[in-house]
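[1] here is my input, please return the structure:
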Amino acid sequence: MALKITVIGTGYLGATHAAAMAELGFEVLGLDVVPEKIEMLQRGEVPMYEPGLEELLRRHVAGIEGSSGRLRFTTSYEEVGAFGDVHFVCVNTPQKHGEYACDMSYVERAFDALAPHLTRPTLVVGKSTVPVGSAARLAERLAAAAPAGPAAELAWNPEFLREGFAVQDTLHPDRIVAGVAGERAEELLREVYAKPIAEGSPFIVMDYPTAELVKTSANSFLATKISFINAMAEVCEAADGDVVKLAEAIGHDERIGKKFLRAGIGFGGGCLPKDLRAFMARAGELGADQALTFLREIDSINMRRRGHMVELARDAVGGGFLGKRVAVLGATFKPDSDDVRDSPALNVAGQIHLQGGQVTVYDPKGMANARRLFPTLGYADTALDAVRGADVVLHLTEWREFRELDPAALAEVTTERRILDGRNALDPQLWRKAGWTYRALGRPRA
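    Next up, the predicted model:
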């Protein structure tokens, strides 16, 4: 008999996972405690922008004409418990307010709400990013609260989704990590992921703590690589070098690789910054804080990049922002997303606004979220409108739309032809040919 799958939490991770499981052929029931979110998903609409996700969802949501009908949604834990053989927990683990540590309250509430309805052998699979040691504690909590007792097993299966590529990463993962305590849990996960495994996705079995450490270790390594090239950008500026050429040269070394070596205003989003800090906090609790002290400098370098962009913008307009109009191209923390959580672009825009600048922001997908987070900033409907009358233009999110802008057309509506490329993604020659003064981080002579 085919497995039935539930997904608890239908945010970015959960909605993607639920739709992907239906695409893989399973009957799926998604749960969320926010009725409005469930109503939206039942209409085949997603509460965030993610390329390909809404189309995937509409292929499977029950009640939509032409869909497979394999995907339904509910707010009832009782219904979820009766329906599912495998329950994926995909709720958020934000940073605690005023602390570095991870807030586990959403995960714990999900487990506590689900457990009383587990009356038969079942597998609960954690996908949320949690501090190491959480899975063992949650496994005991689950077995104690579930009527099925130890037959309600736990596995930890961390997600490795890249915003903008989440559908691809779920259906065709570059690796599947299975933290398990027994053979049955491994067998069930192998059944769930049979298609990706058959396509060649590595299936790596390990214990709970190692599985928990994989995600935080991966994010810490990526953050380190980004902050390394940004530190080199600081040195290049001091030494009159070119960080783009430097990155190109060292990227040809296969031990280093080219990815994540683009210097700019740093990383943001809902994962890397908070995961980095939670990892440091947990290492301190374990008495291994010295092992991760370098991550404090990684975090510091990253935050310093934002301030440096503000300084460059201030210098570009003559030393002060009062009475100056600043155009900001980009609001999301990365392209192909509407996510503005801990966005370096919005952080820079906000700092300039607080220092008296008249800031106008444009982003292809993140405008609504940006307005909610920074309602006092100005917003434009197009890039052309954003730069109209600007004394300086800041390129802060590397959307393709911005790379394809016509510098000559923008030059006709600006007050001053000055552009600061905070992502090293624009063509300096193209902009200079149109009469712009071009400056990029780590490239004083580019």
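
[2] which outside residues touch stretch 217-233?
    Contact with stretch 217-233 is made by 129, 160, 243, 246-247, 259-264, 266-267, 271-272, 275-276, 279, 292, 294-295, 297-299, 301-302, 305, 441-442, as judged by Cβ atoms under 8 Å, 6 or more residues apart in numbering. Every C-beta, even on glycine, is put in place using the N, C-alpha and C of the backbone.

[3] so which bits of that stretch are buried?
    By 16 or more other Cβ atoms under 10 Å, the buried positions in stretch 217-233 come out as 219-220, 222-233.

[4] re the thing from before, buried only: go through the contacts of stretch 217-233 for me.
    When the contacts of stretch 217-233 are checked for burial by 16+ other Cβ under 10 Å, the buried set is 129, 243, 246-247, 260-264, 266-267, 271-272, 275-276, 279, 292, 295, 298-299, 301-302, 305, 441-442.

[5] out of those residues, list just those in helices.
    Cross-referencing the buried ones among the contacts of stretch 217-233 against helices under DSSP state H gives 243, 246-247, 272, 275-276, 279, 295, 298-299, 301-302, 305.

[6] break down the stretch 1-150 of the chain into its helices, ranges please.
    For the stretch 1-150 of the chain, the helices defined by DSSP state H, counting those that start in this stretch cover 12-23, 35-42, 53-58, 77-83, 105-114, 134-145.

[7] please apply the same query to the stretch 301-446 of the chain.
    In the stretch 301-446 of the chain, the helices defined using DSSP H, counting those that start in this stretch lie at 344-354, 367-373, 383-387, 400-403, 407-411, 428-433.

[8] avg pLDDT for the fifth one?
    So that's helix 407-411. Computed over helix 407-411, the mean pLDDT rounds to 97.

[9] can you list the buried residues in that helix?
    Of all the residues in helix 407-411, those buried under the rule 16+ other Cβ under 10 Å are 407, 410-411.

[10] what do you get for the fourth one?
    Neighbour counts over helix 400-403 (16+ other Cβ under 10 Å) mark 401-402 as buried.

[11] ok, which stretches of the stretch 151-300 of the chain are strands?
    Using DSSP state E, counting those that start in this stretch, the strands found in the stretch 151-300 of the chain span residues 152-156, 176-179, 203-206.

[12] sheet partners, orientation included, of the last one?
    For strand 203-206, sheet partners with direction are given as strand 176-179 (parallel), following DSSP bridges.

[13] and the partner strand, how far out from the chain's middle?
    20 Å (Cα atoms, centre = their mean, to the nearest Å).

[14] same deal with stretch 420-434?
    Distance, centroid of stretch 420-434 to centroid of chain: 26 Å (Cα atoms, centre = their mean).

[15] may I have it as CSV, with CA atoms only?
    Extracted C-alpha coordinates of stretch 420-434, given in CSV (Å, rounded to 0.1, in the frame of the first residue of the first chain):
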residue,chain,number,x,y,z
LEU,A,420,27.4,52.0,-7.2
ASP,A,421,27.4,48.2,-8.0
GLY,A,422,26.9,46.5,-4.7
ARG,A,423,26.9,43.0,-6.4
ASN,A,424,29.6,43.3,-9.0
ALA,A,425,27.1,42.1,-11.6
LEU,A,426,26.9,45.0,-14.0
ASP,A,427,29.2,45.6,-17.0
PRO,A,428,31.4,48.6,-16.1
GLN,A,429,32.3,49.4,-19.8
LEU,A,430,28.6,49.5,-20.8
TRP,A,431,27.7,51.9,-18.1
ARG,A,432,30.7,54.1,-18.6
LYS,A,433,30.1,54.3,-22.3
ALA,A,434,26.7,55.8,-21.5
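
[16] average pLDDT across that stretch?
    Mean predicted confidence for stretch 420-434 is 96.

[17] same check on stretch 10-18?
    For stretch 10-18, the mean pLDDT works out to 95.

[18] residues contacting it, please?
    Residues from elsewhere that reach stretch 10-18 (Cβ under 8 Å, 6+ apart): 7-8, 28, 30-32, 37-38, 41, 46-48, 50, 53, 57, 71, 73, 88, 90-92, 127-128, 159, 161, 163, 166-167, 170, 270, 339.

[19] at 7 Å what do you get?
    7, 28, 30, 32, 37, 41, 46, 48, 50, 53, 71, 73, 88, 90, 92, 127, 159, 161, 166-167, 170 (Cβ atoms under 7 Å, 6 or more residues apart in numbering).

[20] ok, and for it, which residues are buried?
    For stretch 10-18, the neighbour count (16+ other Cβ under 10 Å) marks 10-18 as buried.

[21] and which of these is nearest W399?
    W399 lies nearest to Y12 out of the buried residues of stretch 10-18, by Cβ to Cβ, at 18.9 Å.

[22] quick one: L410 and G389 touch, right?
    No. The criterion here is Cβ atoms under 7 Å, and L410 misses it with G389 at 11.6 Å.

[23] okay, the buried residues of stretch 10-18 in JSON lines with distance to I64 next?
    Shown next, in JSON lines, are the buried residues of stretch 10-18 (distance: Cβ to Cβ, whole Å):
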{"residue": "T10", "distance to I64": "16"}
{"residue": "G11", "distance to I64": "21"}
{"residue": "Y12", "distance to I64": "21"}
{"residue": "L13", "distance to I64": "22"}
{"residue": "G14", "distance to I64": "19"}
{"residue": "A15", "distance to I64": "15"}
{"residue": "T16", "distance to I64": "18"}
{"residue": "H17", "distance to I64": "19"}
{"residue": "A18", "distance to I64": "14"}
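
[24] tell me the one of the residues you listed nearest S134?
    S134 lies nearest to L13 out of these, by Cβ to Cβ, at 16.4 Å.
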